[in-house]
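K.L.:
What would the 3D arrangement of this be:
(2 chains)
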Number of protein chains: 2
Amino acid sequence: MSTAPTAELKQKDQNGKIDLTKNSSLCHKCTCCRDIDTSTGFKVKDNFQRFSQKNDIYNRVDWDKSIRSEKTLNFFRNYNTAFARFRDVDGFRHKDYAIRNAAWHITDYTCELKEETEDRREGFLDTYTLHRPGSKNKLRIESSKEISQEIKKIARFLGADLVGVCKFDKRWIYNYKYSRTSHMEKPIDLPTDLENVIVIAVGMDYETIKTTPSALSDAATGQGYTKDLSVILSLAQYIRNLGYQAVASLNDTALSIPLAIQAGLGEYGRLGLLITKEFGPRVRIGKVFTDLPLAHDKPIKFGVEKFCSTCRQCTNACPTKAITDGKPSDVIHNKSNLIGVQKWSVDAEKCFNFWVNTNAACAICIRVCPYNKDYSKFIYRIGRWLAGTFLRKLMLKFDILLGYGKRKLPNNWWNKNKN
Amino acid sequence: MSTAPTAELKQKDQNGKIDLTKNSSLCHKCTCCRDIDTSTGFKVKDNFQRFSQKNDIYNRVDWDKSIRSEKTLNFFRNYNTAFARFRDVDGFRHKDYAIRNAAWHITDYTCELKEETEDRREGFLDTYTLHRPGSKNKLRIESSKEISQEIKKIARFLGADLVGVCKFDKRWIYNYKYSRTSHMEKPIDLPTDLENVIVIAVGMDYETIKTTPSALSDAATGQGYTKDLSVILSLAQYIRNLGYQAVASLNDTALSIPLAIQAGLGEYGRLGLLITKEFGPRVRIGKVFTDLPLAHDKPIKFGVEKFCSTCRQCTNACPTKAITDGKPSDVIHNKSNLIGVQKWSVDAEKCFNFWVNTNAACAICIRVCPYNKDYSKFIYRIGRWLAGTFLRKLMLKFDILLGYGKRKLPNNWWNKNKN
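P.N.:
Below you'll find the model as predicted:
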């Protein structure tokens, strides 16, 4: 069986394969895209262009003289503790970098396993190599709905907190990947018959994020990626073991946020991130491209768009004013922005500049977001419900009044509940 | 500072280094070993010999004609789904092997990364390579107690469920490792100045274990190893980032169970496994050898020894009668047993034979163990408490009467709570 609807054809060339090479064959005005954009609220304009990963702020450090400097290069060198520069400031001491770099270790070394030999930085610039071939026999799939449910169950067994499925949408696939070996763009090497995307998310540690800006809080990010990596590699292998194709992808190959929104994992927020019902913006996303015939989820709405229209917690807290105070717009700040999508857009240059100056990734916008709560607690679920009603301003006032989102001292994290 | 007590010297040669090569320099009669054996309850005899990993049942498949056969080799080939043999029996179908092999995937491919080039099967026959050098500057340690507490906090942050610390004890280090490339013993390559061992454990999935024997239930084992791997690699990197030495080890290099017991993670059970307070025998163990000056934990007792003396759930349930009905003894069944320790010993040949015949690892002894419960629930904590009192027989009767430990149908797991 196949789940491919006829409307999808516009994403394909005359041979029925998805054509990933040409911007010209984009289908953002076709029925299928209109339908999904109506559900997500995306406003994709006529001048839309697929993003080239070379314009990602992290890759611009490699080739763009306006970003590349000893200071920006040092920022990355700090992830290797042998070269890290600690300072006698709470949150930026030896052990803060030690835990940050330890939490990033698995993602980092996996990323470098094939860099020298195959020019692949897996997880960041290239999809992951899967080391086992999978089954030669395809498991017969009776129902796309049932296999979707099963895939979600398996993903959770393997460690995912959230799972959704969406149709492959070429618009969010990078136009080109980037190679830090050749310092050039390189073509996307995704197989052209993977019609579905499984998007997973894992919650990041709440307590360490509260200490941002700090090297310590970036340990939550590293730990999130480690969990992501574990889920997507195992999940992709599961699908291959069923006899189907699967490609595991972290930050490489495609923009994760629009895919996560299309897969029903959450809404888009002013801070430029996915806001989930379960963890707010405190998640890391992973994805698996597959030809397993899956049923798709529907985008969800729980009031984020209206709430973010009212709230300015991230805008006000951002030390570099990288987050817009205004309405969604397609005006771009610089070449790291996506062209032709009307949305709240972040100024990545300003944002990254703060990271480089403090010498650790910042997550203040995540920390202060009123959706950044521990929703296992009933009281916060009430708050989330209120944020989705006409009482949103009242909820926001209480949130501020009660001091949520204030920075906690990293030292307190180190000293608390040691046992 | 150093935590090395003088009594430890007997484990060392005249240069003050731990000598791992000679059985003759064992110190099981010295004060330090007597002290720890008194706390753990270990009874180590005069004829004690360190275990050579070639006698591990899995390695005997490689060299021992009495174990090696097409059938035993096929058992291992099944972990690669391309060669797996499914059958139309609940729990042994295509998707049961697909999830089992997916859950094992990360541990399996990591294990093979350096096999061809460096003759290292990391995690099973050799310790893990750490890919980042760590810090050149040693963090000053003020208190071994405090750094121990901190290491436990970090280990939990990185995903460990249980953490303890014990002194390095040469008796449990393999006499020799084994190479599946040369089919020979090879020397232990652990640095000789690592005086402490951090032992971690992660809980395995409760629901899939209930379906054992099945390929599905072995997914819980794979998933446990994946978690272990993630914790020990990151934790070892953390310690290196502090400027100290750390070596991450899974099933390689040393017997994990006695180290876990010495580190206070639980007691030894009749089924030949560690029984923890938090998960019963449903755990996987990992360890990190280090020279970080840590304070040691004390072995714990919560009634397991007396309970296991009364209970025969594992003995009766084991389809091959591999688990002893009798008292702890130093009689060995075959060369896979440890020589010179009076304990409940399992017949690994009988046990493994069942695995090979069913074509999946069995965990019936774990499933039926009255300590195999979800101790997040209050009612089970009462049961555990009862098991440690003179009412243990009553507890056992109720446990049997209420049907705990009965096999659940794998199909029910697949069909339950799909969403």
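K.L.:
drop to CA atoms for contacts and neighbour counts, all remaining ones
P.N.:
Noted.
K.L.:
got the residues of the stretch 201-350 of chain A near chain B?
P.N.:
A:223, A:226, A:230, A:233-235, A:237-239, A:241-242 (CA under 8 Å from any CA of the partner chain).
K.L.:
Distance to residue B:261 and neighbour count added to these, as a markdown table?
P.N.:
What follows is these, written out as a markdown table (distance: CA to CA, whole Å; neighbours: other CA atoms under 10 Å in any protein chain shown):
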| residue | distance to residue B:261 | neighbour count |
| --- | --- | --- |
| A:223 | 28 | 30 |
| A:226 | 29 | 24 |
| A:230 | 29 | 24 |
| A:233 | 33 | 27 |
| A:234 | 31 | 27 |
| A:235 | 34 | 32 |
| A:237 | 35 | 32 |
| A:238 | 35 | 29 |
| A:239 | 39 | 26 |
| A:241 | 37 | 31 |
| A:242 | 40 | 26 |
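K.L.:
Which ones among those residues map onto helices?
P.N.:
A:223, A:226, A:230, A:233-235, A:237-239, A:241 (DSSP state H).
K.L.:
which residues does the closest residue to residue A:82 other than its chain neighbours contact?
P.N.:
Spatial nearest neighbour of residue A:82, chain neighbours left out: residue B:135 (4.4 Å); criterion: CA to CA, 6 or more residues apart in numbering or on different chains. Contacts for residue B:135 (CA atoms under 8 Å, 6 or more residues apart in numbering or on different chains) come out as A:81-83, B:240-244.
K.L.:
rerun that using 6 Å as the cut-off
P.N.:
Neighbour list for residue B:135: A:81-82, B:241, B:243 [criterion: CA atoms under 6 Å, 6 or more residues apart in numbering or on different chains].
K.L.:
Make CSV from the ones in helices among the residues of the stretch 201-350 of chain A next to chain B and add pLDDT to it.
P.N.:
Formatted as CSV, those follow (pLDDT from 0 to 100):
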residue, pLDDT
A:223, 98
A:226, 97
A:230, 97
A:233, 98
A:234, 98
A:235, 98
A:237, 98
A:238, 98
A:239, 98
A:241, 98
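K.L.:
hmm, back to that, tell me the SS of the residue nearest to residue A:82?
P.N.:
coil (DSSP: H, G, I helix; E, B strand; the rest coil).
K.L.:
number of nearby residues for residue A:401?
P.N.:
Residue A:401: 9 surrounding residues under other CA atoms under 10 Å in any protein chain shown.
K.L.:
thinking again about what came up before, now, which of the contacts of residue B:135 sits nearest residue B:401?
P.N.:
Proximity of the contacts of residue B:135 to residue B:401 was ranked by CA to CA; the top entry is residue B:241 with 52.5 Å.
K.L.:
Could you list which residues are in contact with that closest one?
P.N.:
A:81, A:98, B:134-135.
K.L.:
ok, now residue A:298?
P.N.:
Contacts of residue A:298 (CA under 6 Å, 6+ apart): residue A:264.
K.L.:
mind checking the SS state of it?
P.N.:
Assignment for residue A:298 (three-state DSSP): coil.
K.L.:
Residue A:148 now?
P.N.:
helix.
K.L.:
quick one: pLDDT of it?
P.N.:
Predicted confidence (pLDDT) for residue A:148: 97.
K.L.:
With adjacent residues omitted, what lies nearest to it?
P.N.:
Leaving out its chain neighbours, residue A:148 is closest to residue A:294 (CA to CA, 6+ apart), at 5.3 Å.
K.L.:
What's the local residue count around the one you found?
P.N.:
26.
K.L.:
In a helix, it, correct?
P.N.:
No. With three-state DSSP as the criterion, residue A:294 is located in coil rather than a helix.
K.L.:
And it, how far from residue A:188?
P.N.:
According to CA to CA, to the nearest Å, residue A:294 stands 23 Å off from residue A:188.
K.L.:
buried residues in whichever helix or strand residue A:117 is part of?
P.N.:
For residue A:117, the host element (DSSP states H and E) is helix A:115-118. Neighbour-count burial for helix A:115-118 flags residue A:115 (criterion: 16 or more other CA atoms under 10 Å in any protein chain shown).
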